[in-house]
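Enquirer: how does the following fold in three dimensions:
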Amino acid sequence: MAISDFYSNHSDYRTRLVLNTRDSKGDVVGAAAATLDLIKNAKVQAIIGPEDSMQANFIIDVGNKARVPIISFSATSPSLSSIRRPYFFRATHNDSSQVKAISAIIQAFGWREAVPIYVDNEFGEGVIPYLFDALEEIKVQIPYQSVISPEATDQEIEEELRKLTTKQTIVLIVHMTPILGSRLFNRATEVGLISEGYVWIMTNGMTNLWSWMDHSDMESLQGVLGVRNYVPKSKELESFKVRWKRKFLQNNPSMVNAELDIIGLWAYDAAFAIAMAVEKLNNANFSFEESKAVGSARTDLESLGISQNGPKLIQALSSTRFKGLSGKFEFVKGELEPSVFQIVNVIGNGEKAIGFWTSKANLGTIMWPGDSHSVPKCKRLKIGVPVKKEFKEFVGVPPGSSPNSRVNPTGYSIDVFEAVMKAMPYTVHYDFYAFVNINGEAAGTYNDLIDQVYYGKYDVAVGDIGIGANRSLYVDFTLPYMGVDVVMMVLIKNNSNKNAWVFLEPLTSDLWVTSTCFFVFIGFVIWVLEHRISEDFRGPPSHQVGTGLWFSFTILVFAHRERVVSNLSRFVVIIWCFVVLILTQSYTASLTSLLTAKQLQPTVTDVNELLKSGGNIAYKNGSYIRGFIQQLNFNSANVKTFNRYDELDELFTKGSANGGIAAAFMARPYFNLLREKYCMKYTTAGPTLKTGGFGFVFPEGSPLVADVSKAILNVTESDKMREIENKWLKKHCPDSSTLVSSNRLDLGSFWGLFLIAGVAAALALIIFVADFLYKQRDVLRGSEVSAWKRILRVLRNFDQKDPSSHTFRQNELTEGRRIDNIEMMGAVEASPETNCPHCASNTSQTDLSSVFFAEQGRPSTSHEVEDTSSIPSPRNSNS
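Expert: Here you go, the predicted model:
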């Protein structure tokens, strides 16, 4: 039809094309044989064909050798480059031109992973590197490639598709021929991959030709997207379709639904291009130069001639341009320039155009597989949940569940997961399945459940599953929805019975020793500072020692009566009073608590205590806590496991000495639930070990992890999380850790105060010693005696009163006034000239009052009283 139409429109052309047709029978060898026959025997000047990319490779090489242009309207593989093969013209679009359109669709919907499914031949493999590059540019991962052999059976196709059901990827890109593709989609429908949650995208290898598919095959394509080359409408195109359909039905009356596809249009335009190029050559030489090896040639390739017109013909083809039925027709570097791509959606027995792509995709409403109108973001998730006989507050599965039946679990973890799914930016469909065997019992440990996610049986695992480093090596965890610490559970003992030495318990031994040392030290410093200037700190050695200690310790109750005269002493006493005040108040509060509150103490206070005593510990079998136990370096003989938390009470009751345990390690949420069951019987002790918390398990590389983690953050920061906690984990028993008596006061709480007091006392002592030695410099410099004697003289001087001290000068003045007053009183009383006997007594009373008030300047001592009484009265002195 193309040649006929061309020359009917160009009857004035002097050249005419003569068609020589050969049937390759869809075989590469047949195509090669047909090509050799056309060039060697028919002496053709150009070849239109071959049928596909597999046949083209050899034919193109033959064309280059014989200088015969090969114009292909169906060889689309990017590996068939025209750059190194000047006699090859691609009158179709390179498959690599459509990868940008496919990546634009994926980017428009925000999908993060895609799996290519392609035929294992040159046609299928050629586009894959370009597809990988296009997806990599938009940061879309390709976790898996599905390769289908052209000769694959339906069973082999189904086995390959079942592998995809175990993957998290929902976007599947199909690149293969329509015949193999229709078989693939039929198998995919039976496997369940053409269902809600999946996205199927076909390349133009199928979309351009699916008008030839049966209606039964179209049923398996419902909701599939396709990329195909867009052909602009024109009157010429519509007229030609009518004529072609009429002629086709004349030759094939049984194929009433046949439609002309773009491949036929490219073939039509290719024939036009050759006819126009040949006309440009006019009277060119269309002969062949025979090969020089004709006589000795052992193969047809060696005896091929060379077209004399070939170089001119490829120049004419390269410069040919016109508007054909398929649109603009022009060879650029031996290929047609890519045009607009149309995105279509299979609906019913037909298709719906939903948009076009030039530099970005603009898409309309799409019906997805499963008759869904919501954009698929993930496939319907199969969620595995653990079956437990305890702690059903986290996960509870109805009894009698079977491995393959959906269940409706309850619990804290389930409610959190459902809240997270509601917070997702798109709809996620899921079903819960109990992790049980055929008997309805738990099929294994939590590690076994995680293994099933890794092997693809479950898409997600939901429950109180701890995030561990070893587990994260082969699966991905979301952010934790509950922070979890590993705690050491121990028994509580009641120490409410009082003992005679309870007053020592508020302070630890190191604080007692430090306090005592500081009392002695402060007493010594005050004695040194006051010894030379205060009568209160003088006297026999035993008296001085007692006075120094008495002064320091009586500050505890602020009952000290000794006067401190030195400003340095006053500075030290002020600081020490502040320290003693805080220390005594803290001691009083702690002792009050000991004597009045109920004393609950853990039987074990620290892990190191267990390590030293060799006590037994335990953890749940199969728990990720095993790694933490190994880090603590416990002897393996002292480590036990238990299968159920109900066993713990019996193990604790036996005790470590009788084959039981002294402590158990577990996640804090489990301890909180056990505390509710055994109220006021157990508590936690020792260090708290940080863990990753509880999270949801996904296969490694799952694109859902990031979105679910973001949704977890939104839920945990909202009031919804508090509602779920109050529903399932509400506390009724008081926290035993708050009832257990607080730790004794230790030196660590007061070392700062002692440091300040020590520095102040030491500084005052240094200043005093420096000043005293400076005043004794003449004694120290004397060279007439030995150094030891000089030191002894300095010490004797230290033991003496400081005559320059204002305290002693004031005492001497007061003493003199007192003696004068007494003498005056005696003289008045003995005067014979007085006529007023009462005046003497009045004067005496006034003088005594004066003496009394003068004495208030300092406290009197016993020896001072004795000295005063021994003074002779004036009357006795006059006698």
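
Enquirer: hey, where'd the strands end up in the stretch 201-350 of the chain?
Expert: In the stretch 201-350 of the chain, the strands defined using DSSP state E, counting those that start in this stretch lie at 225-229, 288-289, 306-307, 321-324, 327-332, 335-336, 341-347, 350-357.

Enquirer: so which of these is nearest Val513?
Expert: For the strands of the stretch 201-350 of the chain, the distance to Val513 is smallest for strand 225-229, at 82.8 Å, taking C-beta to C-beta. Heads up, the C-betas are built off the backbone N, CA and C, glycines and all.

Enquirer: starting at the chain centroid, how far to the closest one?
Expert: Centre-to-centre, strand 225-229 and its host chain are 40 Å apart (C-alpha atoms, centre = their mean, to the nearest Å).

Enquirer: contacts for that strand, please.
Expert: With contacts defined as C-beta atoms under 8 Å, 6 or more residues apart in numbering, strand 225-229 is touched by 93, 98, 101-102, 105, 199-204, 206-208, 210, 262, 326, 339, 341-346, 351, 354, 357, 366.

Enquirer: alpha carbons of that strand, in CSV - could you do that?
Expert: Output in CSV follows, covering the C-alpha atoms of strand 225-229 (Å, rounded to 0.1, in the frame of the first residue of the first chain):
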residue,chain,number,x,y,z
LEU,A,225,-0.5,1.6,32.9
GLY,A,226,1.3,1.7,29.5
VAL,A,227,3.7,4.0,27.8
ARG,A,228,3.4,4.2,24.0
ASN,A,229,4.5,6.5,21.2
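
Enquirer: same question for that strand, mean pLDDT?
Expert: Computed over strand 225-229, the mean pLDDT rounds to 91.

Enquirer: got it, and stretch 208-219?
Expert: For stretch 208-219, mean pLDDT is 76.

Enquirer: please renumber the chain so that the first residue is 582 from this point on.
Expert: With the count now opening at 582, the last piece we talked about shows up as stretch 789-800.

Enquirer: ok, residues contacting that stretch?
Expert: 758-759, 763, 766-767, 770, 783, 802, 807, 809-810, 839-840, 842-844, 927, 929-930, 932.

Enquirer: go again with 7 Å.
Expert: With contacts defined as C-beta atoms under 7 Å, 6 or more residues apart in numbering, stretch 789-800 is touched by 759, 763, 767, 809-810, 840, 842-844, 927, 930.

Enquirer: end-to-end on it?
Expert: End-to-end distance for stretch 789-800: 18 Å, by C-alpha to C-alpha, to the nearest Å.

Enquirer: before we move on, what about stretch 1240-1260?
Expert: Using C-alpha to C-alpha, one end of stretch 1240-1260 lies 24 Å from the other.

Enquirer: now it: buried residues?
Expert: When neighbours are counted by 16 or more other C-beta atoms under 10 Å, the buried residues of stretch 1240-1260 are found to be 1241-1256, 1259.

Enquirer: and for stretch 736-746?
Expert: For stretch 736-746, burial by neighbour count (16+ other C-beta under 10 Å) applies to 738-739, 741-742, 745.

Enquirer: for stretch 983-997, same thing?
Expert: Using 16+ other C-beta under 10 Å as the test for burial, stretch 983-997 gives 988, 990-997.

Enquirer: switch those over to CSV; also include pLDDT.
Expert: Shown next, in CSV, are the buried residues of stretch 983-997 (pLDDT from 0 to 100):
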residue, pLDDT
Val988, 93
Pro990, 94
Thr991, 94
Gly992, 94
Tyr993, 95
Ser994, 95
Ile995, 96
Asp996, 96
Val997, 96
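
Enquirer: nearest to Gly886, of these?
Expert: The nearest one, if we look at the buried residues of stretch 983-997 relative to Gly886 and count by C-beta to C-beta, is Val988, at 77.5 Å.

Enquirer: which strand residues bridge the closest one?
Expert: Counting by DSSP bridges, Val988 forms beta bridges with Phe1013.

Enquirer: thinking it is in contact with Gly981, fair?
Expert: No - contact between Val988 and Gly981 fails when scored by C-beta atoms under 7 Å: they sit 9.7 Å apart.

Enquirer: one step back: of all the strands of the stretch 782-931 of the chain, which one is nearest Glu1306?
Expert: Using C-beta to C-beta, those put strand 806-810 closest to Glu1306, at 44.2 Å.
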